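**Q** Predicted model and sequence below, questions to follow.
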Amino acid sequence: ANAISLHSDVIKSFVETADSSFGQRALVDMYKVADKNGDGKLDNEEVQEALHSLGFSWLKEKQVAGILKRADQDENGVIDYQEFVSEAPKTLKTNLVKLAKKNGGELGFLV
């Protein structure tokens, strides 16, 4: 359990680099990959597909809709790049820690 706690701290520290030039570049790349149709906006389907491709399989339609609603500051039903940059670090931090715990349990580290 201590290893998972330390790993969670590393994940949180990594996500906090979102404001650095490296973090900004990572966010640009993540946004481009998630924007499957290239229209410069992420709809519900693109958000769900992106989150699931990161391994966040526990996020069901209801949770993805909540993330989209929270991120969609102008309430137009899609996430533009600025909204993504604002929301992504929070969503990543929460779900990367969950992923680490899930994987740690599956690998027997939490026994």
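**A** Perfect, thanks for sending it.

**Q** burial measure for Leu92, as a count.
**A** Other residues near Leu92 number 22, with proximity taken as other Cβ atoms under 10 Å. The way it works is simple: take the backbone N, C-alpha and C, and place the C-beta from them, glycine included.

**Q** er, Leu96 I mean
**A** 20.

**Q** what about it, which helix or strand?
**A** Leu96 is part of helix 81-106, with elements assigned from DSSP states H and E.

**Q** and that helix, how far out from the chain's middle?
**A** Relative to its chain's centre, helix 81-106 lies at 4 Å (Cα atoms, centre = their mean, to the nearest Å).

**Q** for it, which positions count as buried?
**A** Of all the residues in helix 81-106, those buried under the rule 16 or more other Cβ atoms under 10 Å are 83-85, 87-89, 91-93, 95-102, 104.

**Q** can you check stretch 30-50 too?
**A** In terms of neighbour count (16+ other Cβ under 10 Å), stretch 30-50 has its buried residues at 30-31, 34-35, 41-44, 46-50.

**Q** Also stretch 53-62?
**A** Residues Leu54, Phe56, Leu59 are the ones in stretch 53-62 that count as buried (16+ other Cβ under 10 Å).

**Q** same question, stretch 68-79
**A** Neighbour-count burial for stretch 68-79, counted by 16+ other Cβ under 10 Å, picks out Leu68, Ala71, Asp72, Val78, Ile79.
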